[in-house]
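Peer 1: The sequence and its predicted three-dimensional model are supplied below.
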Amino acid sequence: MQQNLLDLDLAGLTAWFAEMGEKPFRAKQVFRWVHKAGEPDFEAMSDLALSLRSKLVERATVASPEVMREELSADGTRKWLLNVGTGNAVETVFIPETDRGTLCVSTQAGCALDCAFCSTGKQGFNRNLSVAEIIGQLWWANREVGKNSEGNWPITNVVMMGMGEPLLNFDNTVTALRMMLDDHAYGLSRRRVTVSTSGIVPAMDRLRDECPVALAVSLHAPNDALRDQLVPINQKYPLRELMAACQRYLEKAPRDFITFEYIMLDGVNDTLKHARELIALTRDTPCKFNLIPFNPFPQAPYQRSPADSVRRFAETLIEAGIVTTTRKVRGDDIAAACGQLAGQVQDKTKRTALRIQEVRG
Ligand code: SAH
Ligand code: SF4
C-alpha cells in the first residue's frame, strides 16, 4: 500500500521518513513541495536526490479526493463535489471576495446530529473524513483556482462549515488544522481558520488546549426548550454548559470573541422576544452574531425570515452593543449556500458519476 502524503502532518511525515532511513530535513523539503508548492509529482521535486525521488514514486502518493462535479455560481462562488467512496460525496466551496478567498471545508460525510433545519443532518451520518480528505480540499482548491498575480495561493481563510460536525471527527480535524497553520505548508493565521460547532462541550475544551483557532458556535435559539428542538445535541450539552465552555475557550483563543451563528427561521426563533433573550444569555460572553438567512431545501419544514424581521432582530442586538452581521447569501443558484450542501448525496453520486467524463473532458 502506498502512503498518501496528504494524510501526514510534518511530524507524521518526519516519522515516516525516519522509518525509510531518511533525515528530518528531507521530510520538510517534501512537505513544502507538496503543500507550499502544490506539487504532487515526486519526479518534479528537483532538489531531492534521484534515489529519494524513486523511493517516493514507489512508496508514496499525493491524492486528494476525486472531483465528480464542479459548479460555478454567477457571483463567482465555486463548488466541487468530491467522491469519498462507497457512494458518498462531500462538497467544498470557494468564496472569492476582494480582500480574501474563503474555503468552506467538510469534515464528515453526512452528520449524526440531525439539526432540524439542516439538509446534511437529514441525510444521516456516513463516516468521518480522513486527514487527506480534509486537507485535500484545501490542497486541491488552491491548485484549481491558481495563484494570484502576486504569486500567492488564493485561499486566505478556511471555515469548517461544510458538511459534518468537525469536533466529532476531532483527531483528523486537528491534524488538518495543524497543517493549515504550519508555515511549511499553508501558513494560515489562527484568526483566519474557523471551526464551527453545534456545541460539543468537551471537544471545545480539547480544541482550546490542543489547537486553538477562531471559533463559531451554532446557537440558533436563546433557550433550552427551543434549542432542544432545533439543535438536538443541546439535550446533552445545554446552554448553561455551552456558554461556560465558550468562556473557557476565550481564555486561550486567538480572537477575543466567539462568533454565534444564528439561523433566521420565520416565526420560530426570529422575534424581538428571542433577540432580548439572546442578549441576556450572552451578557457575560464577548461575542459577535452572524445572522444566517435560512436556505430552504426540498421538504424543509421552515421558511426564511423576511428581510424586515432580520433587520429588526439585528438592530435589537446592535442596540445592546453586540456586533451583528447578516450573512450574505452566496452561491445559492448552485445550492452551495449553508446547509444545502450535497443534499441527497447518494442519489447525486449516481447521477454525477455519469458526468465525470464530461467534467474531465
Ligand atoms: N456542524 C457544524 C458545522 C457545519 S454546519 C455546525 O453545525 O456548526 C455550518 C453552518 O451552517 C451552521 O451554523 C449551520 O447551522 C448552518 N446551516 C445548516 N443548515 C442551514 C440552512 N438550511 N440554511 C442556512 N444555514 C444552515
Ligand atoms: Fe450537523 Fe451542523 Fe447540520 Fe447540525 S447544522 S446537522 S451539526 S452539519
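Peer 2: Done, it's in. Ligands and ions are numbered 1, 2, ... in the order given.
Peer 1: Now do the helices in the protein.
Peer 2: Listed in chain order, the helices of the chain (DSSP state H) span 10-19, 24-31, 50-59, 119-122, 131-145, 170-181, 201-210, 224-230, 239-250, 272-281, 307-319, 345-353, 356-360.
Peer 1: Return the set of buried residues in the fourth one.
Peer 2: Read it as helix 119-122. 119-122 (16 or more other C-beta atoms under 10 Å). All C-beta atoms are positioned from the backbone trio N, CA, C, and that covers glycine.
Peer 1: Alpha carbons of it, in CSV - could you do that?
Peer 2: What follows is helix 119-122 as a C-alpha-only set of coordinates in CSV (Å, rounded to 0.1, in the frame of the first residue of the first chain):
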residue,chain,number,x,y,z
SER,A,119,-30.0,19.2,4.8
THR,A,120,-26.8,17.5,5.8
GLY,A,121,-28.3,16.3,9.0
LYS,A,122,-31.3,14.9,7.2
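Peer 1: Any regions of the chain where pLDDT drops low?
Peer 2: 330-361 (pLDDT under 70).
Peer 1: Please list the residues of it that sit near ligand 1.
Peer 2: 117-118, 161, 165, 196-198, 218, 261, 263, 292, 294-295, 338-339 (C-beta under 6 Å from any ligand atom).
Peer 1: Most neighbours out of those, which is it?
Peer 2: Highest neighbour count within the residues of the chain next to ligand 1: Ile263, with 29 neighbours (other C-beta atoms under 10 Å).
Peer 1: circling back to that earlier point, name the nearest of the residues of the chain next to ligand 1 relative to Asp205.
Peer 2: For these, the residue nearest Asp205 by C-beta to C-beta is Thr197; the value is 11.7 Å.
Peer 1: Which residues are in contact with Pro222?
Peer 2: Each residue near Pro222 by C-beta atoms under 8 Å, 6 or more residues apart in numbering is listed here: 269, 274-275, 277-278, 280-281.
Peer 1: Please report the distance of it from ligand 2.
Peer 2: 17 Å (C-beta to the nearest ligand atom, to the nearest Å).
Peer 1: give the contact list for the closest residue to ligand 2 within the stretch 51-200 of the chain.
Peer 2: The minimum distance from the stretch 51-200 of the chain to ligand 2, using C-beta to the nearest ligand atom, falls at Gly121 (2.7 Å). Taking C-beta under 8 Å, 6+ apart, we find Gly121 in contact with 111, 113-115.
Peer 1: List the ones among the residues of the chain next to ligand 1 that fall in strands.
Peer 2: Secondary structure from DSSP state E places 196-197, 218, 261, 263, 292 of the residues of the chain next to ligand 1 in strands.
Peer 1: Any chance of a markdown table for these, columns distance to Ala15?
Peer 2: Formatted as a markdown table, those follow (distance: C-beta to C-beta, whole Å):
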| residue | distance to Ala15 |
| --- | --- |
| Ser196 | 31 |
| Thr197 | 30 |
| Ser218 | 36 |
| Glu261 | 37 |
| Ile263 | 42 |
| Ile292 | 41 |
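Peer 1: which one of these sits closest to Leu50?
Peer 2: Distance to Leu50 across these (C-beta to C-beta) is lowest for Ser196, with 45.2 Å.
Peer 1: pretty sure the closest one contacts Met163?
Peer 2: No - Ser196 lies out of contact with Met163 (C-beta atoms under 8 Å); the separation is 11.4 Å.
Peer 1: Show the backbone phi and psi for Val84.
Peer 2: When read as degrees, to the nearest 10, the backbone of Val84 gives phi -110, psi 30.
Peer 1: check contacts around it.
Peer 2: Contacts here follow C-beta under 8 Å, 6+ apart; on that basis Val84 touches 65, 90, 109, 127, 129, 133.
Peer 1: May I see the domains of the protein written out as residue ranges?
Peer 2: 3-61, 66-360 (automatic domain parsing).
Peer 1: ranking those domains by burial, who's on top?
Peer 2: domain 66-360 (a mean of 19; mean count of other C-beta atoms under 10 Å).
Peer 1: Distance from the chain centre to it, please.
Peer 2: 6 Å (C-alpha atoms, centre = their mean, to the nearest Å).
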